[in-house]
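Student: Sharing a model prediction with you, sequence too.
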Amino acid sequence: MAVVLGIDIGTGSLKGMLLDTEKGVLAVRAKGYGVDFPRPDYAEQDPQVWWSAFLDVLSELWGVLRLKKPEAKIAAIGLSGQMHGLVLTDNNREAVRPAILWLDQRSKDQLAEIGREMSEEEMGEIFCNRVSCGFAFPSLLWVRENEPETLEKAAALLCPKDYLRMRLTGKAGAEAVDASSTCLFDTAKRDWAYEVIDRFGLPRRLFPPVGEPMDVAGFVSSACAGETGLPEGIPVVYGSGDQPAQSIGNGVFEEGSLICNLGTGGQISAFVREPRYDRCLRTNTFCHAAGGYTLFGATLCGGKSMRWVKNDVFHMDSYAQADREAAAVPAGSDGAIYLPYLSGERTPHMDPDAKGTFFGLTLRHGRGHFLRAVMEGVAYSLRDCLTLMQELGADAPEVIASGGGAASGVWLQIQADILQKPVRACTVKEQACLGACLLAAVGTGLLPSLTEGRRRFVTMEETSWEPIPAHRAVYDERYGTFQELYRRTKDLMKAK
């Protein structure tokens, strides 16, 4: 028996899991935090917030471990984290500014600069992606232009979970999944795109060595041991960006399955063996933690849309209450339609200027209509993603639901109705944490393979949400209106 610690640095919280490699999950704990929006289009977090949250979660997990298995020790540590974000650290391994997150839209001018220097064809060949605001590449150019003194101090470019790993081991490093999400990476070659880095005059010193997610990156340092109470010498694997980590936690690391993940954002994703990508660059293709690649379409404000309408608009006490009110409204929300573009949009529009919209409102619409319209609008956006995935040959007879949105039976039924596929959910709800645990266990030899980890720990709920035939015509009609709304208003959305 061995116990593995998995940590997931999300946008809204840090979660930790203890996994007994024989018996399963021992405990999960979480610590929430906020996103800073200091100016319009900005989205930042202080990396020290992640470290403080880690210390709190670790303290709680230590308590559980001493109570349940006083003789047990943590044998390995795995990591998962929000992707794309820019963390710059100095030679003392301190962050030189707040992290610029994936939600950030400030780098539109830098995005235009990249577009002048690189054709879409070249982006596809090298990155397998269109560069978007919130990716580390344009964010780094923004720092160079607006904060040159910050760039002078910087010694390493990291993604969020890389920062935590550096605090654990004392070593700066990158891994293929998160590095490919920066768009400064040759995705097919699984190494930094040095030709692009040099062309844009970016200092090579910023780009640390790249490992694979299950490789051991280092060991808990004496300094970390003194600060955290973790024993010195515990192996720490490189870990993975959260999207492929939750894929592993859902048991998806072979072709033929689809995941619908609703966290702060939302994605429809599939594992592919080769770096397949949309030639119009409306999807994303990044390295996968199990080898191969992950192909997905992304909406930026999935769960965040629901959190916004619940907390900031209606000041409601609970998601359970929101579910009850949304469930009381008929499919199609009596004509109310929501475009979930509160922070711009990725798939299929790749438009940082896209705006959130409510349409079709009348005096008969109440709070429940708004709540259900938000759920439906996010699901329509996910249907946009699914359509492109199917065009690229990635499909499956059912969808595996993941993330916080999978806790809502109402939303799961809406997804089944709008995507027109049965939806199932995994019994372990923190799939990115489980994926981080499995990466650490396999990478350190505590488990023989991810396949064995899936056999032991990945099981599905007995309940399956089936599409309701009577809802199909309603949602097909509303979906057509949803698509037309963006087409007719996208130019207006660019107005300041």
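Tutor: Great, that's in hand.

Student: Which residue ranges make up the domains of this protein?
Tutor: 3-243, 252-425+466-496 (automatic domain parsing).

Student: between the ones you listed, which gets nearest to residue 436?
Tutor: domain 3-243 (3.5 Å; CB to CB). Every residue, glycine included, has its C-beta placed from N, CA and C.

Student: chain center to that closest one: distance?
Tutor: Its chain's average C-alpha position is 12 Å from that of domain 3-243, according to CA atoms, centre = their mean, to the nearest Å.

Student: all helices of the stretch 201-350 of the chain, in order?
Tutor: If you assign secondary structure with DSSP state H, counting those that start in this stretch, the helices in the stretch 201-350 of the chain sit at 222-228, 242-249, 303-307, 319-327.

Student: Same list, the domains of the chain, but as TSV with mean neighbour count please.
Tutor: Below are the domains of the chain laid out as TSV (neighbours: other CB atoms under 10 Å):
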stretch	mean neighbour count
domain 3-243	20
domain 252-425+466-496	20
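
Student: Of those, give the one that comes closest to residue 445.
Tutor: domain 3-243 (9.0 Å).

Student: separation between residue 16 and residue 477?
Tutor: Relative to residue 477, residue 16 is positioned 45 Å away (criterion: CB to CB, to the nearest Å).

Student: Residue 337 and residue 235, how far apart?
Tutor: For residue 337, the distance to residue 235 - CB to CB - is 51 Å.

Student: List the contacts of stretch 489-496.
Tutor: 341, 349, 351, 353, 354, 355, 357 (CB atoms under 8 Å, 6 or more residues apart in numbering).

Student: what residue of the protein is the furthest out?
Tutor: For the chain, the C-alpha lying farthest from the average C-alpha position belongs to residue 363; by CA atoms, centre = their mean, that distance is 37.4 Å.

Student: quick one: contacts for it?
Tutor: Here residue 363 is in contact with no residue (CB under 8 Å, 6+ apart).

Student: Tell me the confidence at it?
Tutor: pLDDT for residue 363: 98.

Student: Same question for residue 452.
Tutor: The model's pLDDT for residue 452 equals 97.

Student: check which helix or strand covers it.
Tutor: In this structure, residue 452 sits in helix 450-457 according to DSSP states H and E.

Student: who's in contact with that helix?
Tutor: 19, 21, 24-25, 248, 251, 253, 290, 428, 434, 438, 441-442, 447.

Student: for this structure, which spans come out with low pLDDT?
Tutor: Applying pLDDT under 70 to the chain picks out residues 496.

Student: what about the strands in the stretch 51-200 of the chain?
Tutor: All strands of the stretch 51-200 of the chain, identified by DSSP state E, counting those that start in this stretch, fall at 74-81, 87-89, 99-100, 156-158, 174-175, 185-186, 191-192.

Student: could these go into a markdown table alongside distance to residue 141?
Tutor: What follows is those, written out as a markdown table (distance: least, CB to CB, whole Å):
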| stretch | distance to residue 141 |
| --- | --- |
| strand 74-81 | 22 |
| strand 87-89 | 13 |
| strand 99-100 | 11 |
| strand 156-158 | 12 |
| strand 174-175 | 18 |
| strand 185-186 | 16 |
| strand 191-192 | 16 |
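
Student: Looking at the ones you listed, spot the one closest to residue 206.
Tutor: strand 156-158 (4.3 Å).

Student: ok, the closest one: who's next to it in the sheet?
Tutor: strand 87-89 (antiparallel) (DSSP bridges).

Student: can you pull out the helices in the stretch 351-496 of the chain?
Tutor: 367-391, 409-419, 431-443, 450-457, 469-493.
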